[in-house]
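# predicted model, plus sequence, below.
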2 protein chains.
Amino acid sequence: MGRAMRICFIGDSFVSGAFDDECLGWAGRICARARKRGHDLSPYNLGIRGETSAQIARRWRAEAEPRQSPQQEGRLVFEFGVNDAREVNGKPQLTSEQSLTSAREILSAAAQWKPTLMSGPPCGCDDPRNGRVKALSAELAKLCAGLNVPYFDSYTPLIASSTWMPCLKGVDGTHPSAAGYAEWAKLIDEWPAWRDWLP
Amino acid sequence: MGRAMRICFIGDSFVSGAFDDECLGWAGRICARARKRGHDLSPYNLGIRGETSAQIARRWRAEAEPRQSPQQEGRLVFEFGVNDAREVNGKPQLTSEQSLTSAREILSAAAQWKPTLMSGPPCGCDDPRNGRVKALSAELAKLCAGLNVPYFDSYTPLIASSTWMPCLKGVDGTHPSAAGYAEWAKLIDEWPAWRDWLP
């Protein structure tokens, strides 16, 4: 049996597993795998559909705090960014500068409080948005490096995946079906920073 | 395709699916079944291990509000009670009167806000606690009837189940393994009040 751990997964619709007919998302899948490796893991899914980094900044701490326990180690995993880059009324919801301000606020407070990981935002079927997501992901990687928060670049392996892109098209062009979540979960499950927590 | 719906599942460790190696709990399982019947359902799991009804009363509304959307109908499903009846330092954490005060506060506000269902607390391997849980479940059923909130008596079918009780013993005497969560999910999935929402 491994370490007893409570992990809060905090972010957007990809965290909550929107459109996944298995109702697991990538977070549920990597936790089920960790439990099957013998870890006493209690996951809390705090993804909310549609949220930008600015919205996540306002609520994540108040939600993560009551989910801690003296009996288990507390950990945090974040994923956000696509809603920042998403156009509403003809312009992205947040500028790159606004995104990075929110991300810095979130991740610096998180990393001072609990061991923290971040997964970057994934690619979708909207090319102009993809350009913004890719650029934001590169900026988030730099920010995380400066804060000593391990960062998983989701964009690069998913845009090259033969599973991810086709399965988005059968949903809404943004979210994957269960097969896509399984693909993303497989990548994160093999990430050394995750395995360092849950070998 | 059925109605687009966001459902917040609010409660304790049984809602969060503690000790389930599949990381679904009963809530994840009934939602996966509903999605497979064609419903555009987005679940949010707001179960927290160890919480009493008094703790849930303090946080549920602030967590459920940012999970609403004008694009989908909002619904609420509650389950709590075992931690109220659990002895800590030789006495139950809440008296029956305290439990019912919290439950009335939660459920009357919930039902005035969104369509609401409640599942009652399950039985475990601690006989004195079971007696208190059974009595609380009967009181919760009466309270819900007065508020027009459909109430699912979990205690009665689970204590008679040939799956539930044996699988608790392999975990901690309180929580089930995946097989127990699947059993409970099957019962709620067949509950007419749930099927009325998601046929």
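Here it is on my side, so go on. Numbering: from 1, shown residues only, chains lettered A, B, ... in the order given.

# where does chain A have low pLDDT?
Scanning chain A for pLDDT under 70 picks out A:1-2.

# for chain A, which residues are neighbours of chain B?
Near chain B, the residues belonging to chain A are A:6, A:16, A:18, A:20-24, A:28-29, A:31-32, A:35-36, A:42-45, A:48-51, A:55, A:59, A:62-63, A:66-67, A:69 when assessed by C-beta under 8 Å from any C-beta of the partner chain. All C-beta atoms are positioned from the backbone trio N, CA, C, and that covers glycine.

# mind doing that once more with 6 Å?
Where chain A comes near chain B, counting by C-beta under 6 Å from any C-beta of the partner chain, the residues are A:18, A:21-23, A:28, A:31-32, A:35-36, A:42, A:45, A:48, A:59, A:66-67.

# please indicate which of the residues you listed are buried?
A:18, A:21-23, A:28, A:31-32, A:35, A:42, A:45, A:48, A:59, A:66-67 (16 or more other C-beta atoms under 10 Å in any protein chain shown).

# the nearest residue to A:Y151 once chain neighbours are set aside: how many residues sit nearby?
Leaving aside its sequence neighbours, A:Y151 sits nearest to A:C144 (C-beta to C-beta, 6 or more residues apart in numbering or on different chains; 3.7 Å). Neighbour count for A:C144, taken as other C-beta atoms under 10 Å in any protein chain shown: 22.

# can you say which helix or strand has the spatially closest residue to A:R67 that is not a sequence neighbour in it?
Counting by C-beta to C-beta, 6+ apart, A:Y44 is the residue found nearest to A:R67 once chain neighbours are left out, at 4.7 Å. In this structure, A:Y44 sits in strand A:41-47 according to DSSP states H and E.

# for whichever helix or strand comes after that strand, buried residues please.
As assigned by DSSP H and E, the chain's next helix or strand after strand A:41-47 is helix A:53-64. Using 16+ other C-beta under 10 Å as the test for burial, helix A:53-64 gives A:S53, A:A54, A:Q55, A:I56, A:A57, A:R59, A:W60, A:E63, A:A64.

# so the last one sits against A:R6, correct?
No - taking contact to mean C-beta atoms under 6 Å, the distance of 9.5 Å between A:A64 and A:R6 leaves them out of contact.

# give me the contacts around whichever strand or helix holds A:D196.
Counting by DSSP H and E, the element that carries A:D196 is helix A:192-197. Contact with helix A:192-197 is made by A:L117, A:P150, A:I188, as judged by C-beta atoms under 6 Å, 6 or more residues apart in numbering or on different chains.

# just those residues: which are in helices?
A:I188 (DSSP state H).

# can you list the contacts of helix A:192-197 in CSV and add distance to A:F78 and neighbour count?
Compiled in CSV, these are given as follows (distance: C-beta to C-beta, whole Å; neighbours: other C-beta atoms under 10 Å in any protein chain shown):
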residue, distance to A:F78, neighbour count
A:L117, 7, 24
A:P150, 11, 17
A:I188, 12, 22
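
# any idea which of the contacts of helix A:192-197 is closest to chain B?
A:I188 (14.2 Å; C-beta to the nearest C-beta).

# could I get the contacting residues of the closest one?
Applying C-beta under 6 Å, 6+ apart, we find A:I188 in contact with A:W26, A:I30, A:W194.

# A:A4 now?
A:D40, A:Q72.

# re the thing from before, of the residues of chain A next to chain B, which pair is most distant in space?
Across the residues of chain A next to chain B, no pair lies farther apart than A:K36 and A:R59, at 31.3 Å, counting by C-beta to C-beta.

# for the residue nearest the centre of chain A, give me phi and psi.
Nearest to the centroid of the C-alpha atoms of chain A, with distances taken as C-alpha atoms, centre = their mean, sits A:E79, at 2.3 Å. The phi and psi values for A:E79, taken as degrees, to the nearest 10, are phi -160, psi 120.

# OK, contacts around the closest residue in space to A:I159 that isn't next to it in sequence?
Among residues not flanking A:I159 along the chain, A:C123 sits closest, at 4.4 Å (C-beta to C-beta, 6+ apart). The contact partners of A:C123, by C-beta under 6 Å, 6+ apart, come to A:N130, A:Y155, A:L158, A:I159.
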